[in-house]
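Trainee: Fold the following, please.
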Amino acid sequence: MDPDFDEFLHVPARLSVVALLAPADWVEFGFVRDKVETSDSALSKQVASLAEAGYVEVRKTRNRTGRHTHLRLTAHGRWAFQRHAAALERIVAAAREPQERGT
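Mentor: Numbering: from 1, shown residues only. Predicted structure coming up:
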């Protein structure tokens with residue numbers, strides 16, 4: 001297995017969240033929920049796991065329109081995602097290489 005492959009990050013729901021956050025700064029929770037097509041509770045569970053692992057930072061604010069939750073990747077989360085994505089690219093590239101018969 002590629003040493004950069006991240007088993008924790010590879011869970012589809014977590015990978016979807018991290019991939020969505022990768023090109024952005026702060027992203028609103030509702031936007032992530034809608035793009036990942038999940039429920040508030042399912043996303044909250046994944047975000048809590050990602051935050052506990054140090055991949056995601058959560059910011060909660062309140063203003064006259066209500067409470068808002070925003071998410072962003074930490075430096076560690078961004079680095080982990082880049083490494084994991086590179087590992088996936090290497091795995092796919094290896095699968096596309098012609099294999100010798102009998103090996």
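Trainee: elements contacting the top helix by length along the chain?
Mentor: Longest helix in the chain by number of residues (criterion: DSSP state H): helix 75-96. Packed against helix 75-96, as judged by 3 or more C-beta pairs under 8 Å, 6 or more residues apart in numbering; DSSP states H and E, are the following elements: helix 12-21. Quick note: C-beta positions are derived from backbone N, CA and C, even for glycine.
Trainee: Give me the mean pLDDT for the helix or strand that comes right after the helix it packs on.
Mentor: Scanning forward in sequence from helix 12-21 by DSSP states H and E, the next helix or strand is strand 27-28. Across strand 27-28, the average pLDDT comes to 97.
Trainee: same thing with stretch 45-65?
Mentor: pLDDT averaged over stretch 45-65 gives 96.
Trainee: Pull out the buried positions in it.
Mentor: Within stretch 45-65, the residues that count as buried by 16 or more other C-beta atoms under 10 Å are 46-47, 49-50, 53, 55-57.
Trainee: out of these, which are inside helices?
Mentor: Checking those against DSSP H, those in helices are 46-47, 49-50.
Trainee: Among these, give me the pair with the biggest separation.
Mentor: V47 and S49 (7.3 Å; C-beta to C-beta).
Trainee: Going by distance to E7, which of the buried residues of stretch 45-65 wins?
Mentor: Using C-beta to C-beta as the measure, the one of these that approaches E7 most closely is A53, at 11.4 Å.
Trainee: hang on, isn't the closest one packed against F8?
Mentor: Yes: applying C-beta atoms under 8 Å, one finds A53 in contact with F8, separated by 6.2 Å.
Trainee: Need the residue closest to the centroid of the chain.
Mentor: V18 (1.8 Å; C-alpha atoms, centre = their mean).
Trainee: For it, which non-adjacent residue is spatially closest?
Mentor: Leaving aside its sequence neighbours, V18 sits nearest to F81 (C-beta to C-beta, 6 or more residues apart in numbering; 4.9 Å).
Trainee: and the spatially closest residue to R59 that is not a sequence neighbour, what does it touch?
Mentor: Distances taken as C-beta to C-beta, 6+ apart put H70 closest to R59, at 4.7 Å, once the chain neighbours are dropped. Counting by C-beta atoms under 8 Å, 6 or more residues apart in numbering, H70 touches 26-29, 58-61.
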